[in-house]
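**Student:** Predicted model, plus sequence, below.
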Amino acid sequence: MTVQEGVLRYGDAPWQRIDLYTPVRGPVRTAAVIFHGGFWRHDRIARDLEPLAASLVQRGCATAAVEYRPAWDGGQWPAAAEDAAEALERLDAAGAPWRDATLVGHSAGAHLALSAVAGRGGGRRAVLLAPVVDLAHTVATGTGGPAVGHFLAGHLAAGGTAEEATPRPSRADLASLTVVEAACDQVVPTELTEYQIEGWRRGGLAVDHHTVAGARHMHLVDPQREGCAAVLALLAGDPAAAGSAA
């Protein structure tokens, strides 16, 4: 199954683009919209997800990798979150298969994935990989060093709080929420993952939690690593296979 690439623009900034990967031949069984991590400062970029996207396309999963403005180039809160919402609206307007695609966020990309849907009542499916979402607890655990402070610099200077910049989706926003944790994650501590899951459950969300044995932080989005098999299975529509890797 050959990969066909394309680009959608959703704004005037060079960063405001979506890289599309779709099968040239064969059925599209499912679709995923992925927000990369990098702590809002682009330690990672959307193009880094190309191997993952190609692997998903081989499994019949059309994939959109969203790029957004980094904190150092116009993306401080709330701009990057607004980019995420606008990118999702652009994909929805493009129709099938993107309108019903699963939202995927890796690391701080999970914050943007949830920001794109919180309060909009779209009933989306979301898969969060090693998520960094609760910004106050991210700071409390030291996750990402000064990254949250940089991302929220203008917001905090104006008297805002990290809690205000944390998306809190409801059951109307999410039809399902799956969290995939890397058991040997050297970036996101288990304490942060568990705290976030407890918060989502207290908020009325049912959370399906997978822990991938032996996996490190980037393994979840690297198809060359064994730890990515669970992610590929989940996004390609085989949750039973994903569960066997937990």
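**Tutor:** Now that the structure is in, tell me what you want to look at. Everything numeric in this text was worked out from a predicted model, so none of it was measured. Numbers count the residues shown, from 1 in each chain.
**Student:** contacting residues for residue 36?
**Tutor:** Applying CB atoms under 8 Å, 6 or more residues apart in numbering to residue 36 gives the contacts 44-46, 48-49, 65-67, 106-107, 109, 221. Where C-beta positions appear, they are placed from N, C-alpha and C, glycine not excepted.
**Student:** For the top helix by length along the chain, give me every contacting residue.
**Tutor:** Longest helix in the chain, counting residues (DSSP state H): helix 79-94. Residues outside helix 79-94 that contact it (CB under 8 Å, 6+ apart): 8-11, 15-16, 18, 33, 35, 40, 64, 66, 68-71, 75, 98-99, 101, 103, 111-113, 115-117, 120, 151, 165, 167.
**Student:** Just grab the bridge partners of the residue nearest the centre of the chain for me.
**Tutor:** Nearest residue to the geometric centre of the chain (CA atoms, centre = their mean): residue 105, 0.9 Å. Beta bridges link residue 105 to residue 35, residue 128, judged by DSSP bridges.
**Student:** and what of residue 3?
**Tutor:** Beta-bridge partners recorded for residue 3 (DSSP bridges): residue 23.
**Student:** Just checking: what are the partner strands of the lengthiest strand in the chain?
**Tutor:** With secondary structure taken from DSSP state E, the chain has its longest strand at strand 174-182. Using DSSP bridges, strand 174-182 pairs in its sheet with strand 124-129 (parallel), strand 207-212 (parallel).
**Student:** Same question for the last one: list its buried residues.
**Tutor:** Of the residues in strand 207-212, those buried by neighbour count under the rule 16 or more other CB atoms under 10 Å are 207-208, 210-212.
**Student:** quick one, what contacts the closest residue to residue 220 other than its chain neighbours?
**Tutor:** Leaving aside its chain neighbours, residue 220 sits nearest to residue 129 (4.4 Å; criterion: CB to CB, 6 or more residues apart in numbering). Neighbouring residues of residue 129 by CB under 8 Å, 6+ apart: 104-107, 110, 180, 220-221, 231.
**Student:** try residue 103
**Tutor:** 32-33, 35, 88, 113, 116-117, 124-127.
**Student:** so which of these comes closest to residue 56?
**Tutor:** residue 32 (6.3 Å; CB to CB).
**Student:** is it true that the closest one lies in a strand?
**Tutor:** Yes. Residue 32: assigned to a strand according to DSSP: H, G, I helix; E, B strand; the rest coil.
**Student:** just checking, it touches residue 235?
**Tutor:** Yes. Contact criterion CB atoms under 8 Å: residue 32 and residue 235 qualify, at 4.9 Å.
**Student:** Need the residues touching each of these two.
**Tutor:** Common contact partners of residue 32 and residue 235 (CB under 8 Å, 6+ apart): 56, 61, 102, 104, 127.
**Student:** surely the last one meets residue 235?
**Tutor:** Yes. Under the contact definition of CB under 8 Å, residue 127 touches residue 235, with a separation of 6.5 Å.
**Student:** and for these two, which residues touch both?
**Tutor:** Common neighbours of residue 127 and residue 235, using CB under 8 Å, 6+ apart, are 32, 102, 104.
**Student:** can you pull the contacts of the first one?
**Tutor:** So that's residue 32. Counted by CB under 8 Å, 6+ apart, residue 32 has contacts 56, 61-64, 101-104, 127, 235.
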